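Colleague: Predicted model and sequence follow; I will ask about them next.
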Amino acid sequence: MLKPKRKITRDQIKNDSFVEAIFDIRSYVMDNSKLLSRIGGGFVVLLLLIVFLGQSSKNNKREAEFLLTQSNVYLDNGDSQNAKIILQELVDEYGNTESGRLGGYHLAQLHIKNNEKESALSLLLKYSKKGENLFLLASANEAISSLYQENNDIRNAIKYQTIAAENSYSKKKGALSKLKLIELYIKDGSLNMSSNLLNELKSEHKDDPDMIKSIDYVSGLLMNE
């Protein structure tokens with residue numbers, strides 16, 4: 001059975017964090033007993049709750065990172081079935097962490113490979129809203145756009161392709177995203193918008209022969225309309 005590279009186990013994560021939380025609270029109470037005796041009981045409870053919730057958040061983050069690492073090990077070894085199980089657990093239990101959102105992105109890729117497009121779309125939409133990795137954000141928004149286009153939902157396809165183009169991590173990637181956006185505008189019948197974007201791209205990339213070829217191809221699509 002495959003095991004992740006990290007040696008720490010999930011039980012160790014939980015036990016260590018729980019013990020750490022208890023000792024943090026105990027130390028705080030002992031060090032501040034006089035102060036606490038002067039403060040209302042309700043405030044003390046609230047303070048202890050904040051300490052405990054903070055530690056719980058750290059625990060969740062650590063375990064989410066562990067599950068993400070474990071899923072990557074399975075993926076690296078070509079075991080998509082076990083990776084999918086781990087990723088689903090990660091999304092279900094820790095979907096509000098960045099590791100959980102990353103897990104959702106990777107799970108969406110597996111869903112797409114299995115032609116489970118509705119499941120993939122919901123996960124990608126979540127990553128589009130709160131994901132932090134710029135590279136994956138661009139990829140997620142383009143994937144969302146493609147899925148909507150396959151469903152003939154051109155308006156939503158344009159919406160997410162626009163987001164992908166505006167948040168591209170490089171100038172060239174942004175230009176390629178805009179070319180896809182222009183093709184969508186052509187399909188939507190927005191010919192003036194298509195023409196304006198093409199002119200912008202020609203001006204910005206006039207010294208890039210490869211890009212000019214791509215621009216000319218899309219210009220040909222526009223001329224045929």
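Modeller: Okay, I see it. Numbers count the residues shown, from 1 in each chain.
Colleague: if I pick the nearest residue to Leu121 once chain neighbours are set aside, what's in contact with it?
Modeller: In this structure, Leu121 finds its nearest non-sequential neighbour in Leu147, 5.0 Å apart by CB to CB, 6 or more residues apart in numbering. Bear in mind the C-beta positions are built from the backbone N, C-alpha and C, glycine included. By CB atoms under 8 Å, 6 or more residues apart in numbering, the residues touching Leu147 are Lys117, Ala120, Leu121, Leu124.
Colleague: Leu147 and Ile163: what is the separation?
Modeller: Leu147 sits 14 Å away from Ile163, going by CB to CB, to the nearest Å.
Colleague: now Leu179
Modeller: Taking CB to CB, one finds Leu179 at 16 Å from Ile163.
Colleague: Pull up the per-residue confidence for the nearest residue to Ile144 once chain neighbours are set aside.
Modeller: Nearest non-adjacent residue to Ile144, counting by CB to CB, 6+ apart: Tyr160, 4.3 Å away. Note on Tyr160: pLDDT of 97.
Colleague: secondary structure element for Asp207?
Modeller: Using DSSP states H and E, Asp207 sits in no helix or strand.
Colleague: Could you do the one 3 residues further on as well?
Modeller: Asp210 belongs to helix 209-223 when assigned by DSSP H and E.
Colleague: Tyr105 now?
Modeller: Going by DSSP H and E, Tyr105 is in helix 98-113.
Colleague: Contacts only, for Leu125.
Modeller: By CB under 8 Å, 6+ apart, the neighbours of Leu125 are Ile144.
Colleague: Could you report the distance from it to His106?
Modeller: With CB to CB as the criterion, Leu125 and His106 are 15 Å apart.
Colleague: Then Ile86?
Modeller: 10 Å.
Colleague: shared neighbours of those two, which are they?
Modeller: Ser71.
Colleague: need the contact list for the closest residue to Leu184 other than its chain neighbours.
Modeller: Closest residue to Leu184 apart from its sequence neighbours, by CB to CB, 6+ apart: Ile158 at 4.9 Å. By CB under 8 Å, 6+ apart, the residues touching Ile158 are Ser145, Leu181, Leu184, Tyr185, Asp188.
Colleague: Can you spell out the domain ranges of this protein, please?
Modeller: The chain breaks down by automatic domain parsing into domains covering 10-131, 133-225.
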